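Novice: Pasting the sequence and the predicted model now:
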Amino acid sequence: MPRRADDTWDIATSVGSTAVTIAAARAVETEQPDALIHDPYARLLVTNAGVGVLWGAMLDPAVAAKVEALDAELVADLAHIRGYVAVRTHFFDRYLADAVAAGIRQVVILASGLDSRAYRLDWPDGTAIYEVDQPEVLAYKATTLAENGVGPSTDRREVGIDLRQDWPSALRAAGFDPSAATAWLAEGLLMYLPAEAQDRLFTQIGELSASGSRVSVETAPARAQERRTHVHDRVSKLADQIGLVPNPDAGELMYFDEHRADVADWLDGHGWCAELRRSTDERRRLGRWNDSHPLADDQDIFSNFVIGERL
């Protein structure tokens, strides 16, 4: 279903279901012999979500073999996408590790979804992590992990609110200190915001950021709609063949705005010093790139990464 200005969701619907898809990709990557990342809670969060995610089903070797037999090309596409998710996760894990190593003890994860960094990463004493997302999404994650004996590895604070609402006030009410340096993370978020909402988000982040704060962002892809639709159609057909309910088309949930601001340029012009890191370069560096794949020459279907520091 296409987006509306007042739409909302839980973990099994609309934008919420995309968090399950990404967690499933992390779960599959985690179980590879040459895994780039380790997310021990991804499989648990996917399994209990009640969403028919193909990647989640492929955690079962029998299902994976069936999928391979039915559509080997799609399997190659999914592996290529999974490689991107692994590199993205690795990049932002490193960003957060560097931030706390520099002394930052306040972290804000915007649209945190099924991000389990507050549980799976080692944090210095005194680190507070604020997770901002829809209340139902945050509750699902915390409840599922708690029921399976998993607790956060640091001070995790939920801020259950839609980012289109007054989330800065809700963040402060949860204990956030705007006078302290903060590490901000916006991963898998900007493509679900209109261009003007992206600008407003970064304006709000700037108003809450003391000197020395850091921000890292996954940019919205420049041109991904056609390829995503093609993959979604094939996934839907395959899901029907093996008895899964397909997820919503992610392309229908995104905003493809021609006039969206370049994140690094915007930050540079608004009190930050920013640097663009191309995801293709990171993938090659980390051995998660296949030059022979049909997607290899299409530089615009994947997002890039930006890191900025508040002046």
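Specialist: That came through fine.
Novice: and residue 257, what does it touch?
Specialist: 194, 195, 220 (C-beta atoms under 8 Å, 6 or more residues apart in numbering). For the C-beta atoms, the positions are set from N, CA and C on the backbone; glycine is no exception.
Novice: ok, so of the residues you listed, who is nearest residue 153?
Specialist: residue 220 (30.7 Å; C-beta to C-beta).
Novice: With residue 286 as the reference, measure out to that closest one.
Specialist: 22 Å (C-beta to C-beta, to the nearest Å).
Novice: and the two? which has more neighbours close in?
Specialist: residue 220 (22 against 14; other C-beta atoms under 10 Å).
Novice: part of a strand, is the more buried one?
Specialist: No: counting by DSSP: H, G, I helix; E, B strand; the rest coil, residue 220 is not part of a strand but coil.
Novice: Just confirm it contacts residue 198, I think it does.
Specialist: Yes: with contacts counted by C-beta atoms under 8 Å, residue 220 reaches residue 198, the gap being 7.5 Å.
Novice: anything in contact with each of the two?
Specialist: 190, 260.
Novice: Please spell out which residues along the helix or strand that contains residue 74 are buried.
Specialist: In this structure, residue 74 is located in helix 72-101 according to DSSP states H and E. Using 16 or more other C-beta atoms under 10 Å as the test for burial, helix 72-101 gives 74-93, 95-96, 99-100.
Novice: Check stretch 195-203 too.
Specialist: 195, 198, 201, 202.
Novice: and of the residues you listed, the nearest to residue 115?
Specialist: residue 201 (17.2 Å).
Novice: I'd say that closest one and residue 184 touch.
Specialist: No: between residue 201 and residue 184 there is no contact under C-beta under 8 Å: 10.0 Å.
Novice: Contact partners for residue 310?
Specialist: Per C-beta under 8 Å, 6+ apart, neighbours of residue 310: 181, 206, 209, 210, 211, 212, 213, 214, 215, 271, 272.
Novice: can we see that at 6 Å?
Specialist: 209, 211, 213, 272 (C-beta atoms under 6 Å, 6 or more residues apart in numbering).
Novice: These: which two are farthest apart?
Specialist: 211 and 272 (10.6 Å).
Novice: Between the two, tell me which one has more neighbours.
Specialist: It is residue 272, of residue 211 and residue 272, that has more neighbours when counted by other C-beta under 10 Å, with 23 against 10.
Novice: Need the pLDDT of the residue nearest to the more buried one when sequence neighbours are not counted.
Specialist: The spatially closest residue to residue 272, leaving aside those adjacent along the chain, is residue 308, at 4.0 Å (C-beta to C-beta, 6 or more residues apart in numbering). Listed pLDDT for residue 308 reads 98.
Novice: Residue 308 belongs to a helix?
Specialist: No: assigned with three-state DSSP, residue 308 falls outside any helix and is strand.
Novice: Return the distance of it relative to residue 182.
Specialist: Counting by C-beta to C-beta, the gap from residue 308 to residue 182 is 12 Å.
Novice: hang on, the earlier thing: C-alpha coordinates for whatever helix or strand comes next after the helix holding residue 74, PDB please?
Specialist: Next in sequence after helix 72-101, counting helices and strands by DSSP H and E, comes strand 106-110. Extracted in PDB, the C-alpha atoms of strand 106-110 (Å, rounded to 0.1, in the frame of the first residue of the first chain):
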ATOM      1  CA  GLN A 106      25.300   9.300  24.200                       C
ATOM      2  CA  VAL A 107      24.100   7.400  21.100                       C
ATOM      3  CA  VAL A 108      20.800   8.000  19.200                       C
ATOM      4  CA  ILE A 109      19.600   5.400  16.700                       C
ATOM      5  CA  LEU A 110      16.800   6.900  14.600                       C
END
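Novice: Could you pull out the helices in the stretch 101-250 of the chain for me?
Specialist: 117-120, 135-147, 167-173, 195-207, 225-242, 250-253 (DSSP state H, counting those that start in this stretch).
Novice: how about JSON lines for these, with distance to residue 65 and mean pLDDT added?
Specialist: Putting the helices of the stretch 101-250 of the chain into JSON lines (distance: least, C-beta to C-beta, whole Å; pLDDT from 0 to 100) gives the following:
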{"stretch": "helix 117-120", "distance to residue 65": "29", "mean pLDDT": "98"}
{"stretch": "helix 135-147", "distance to residue 65": "28", "mean pLDDT": "95"}
{"stretch": "helix 167-173", "distance to residue 65": "44", "mean pLDDT": "98"}
{"stretch": "helix 195-207", "distance to residue 65": "42", "mean pLDDT": "96"}
{"stretch": "helix 225-242", "distance to residue 65": "11", "mean pLDDT": "65"}
{"stretch": "helix 250-253", "distance to residue 65": "26", "mean pLDDT": "64"}
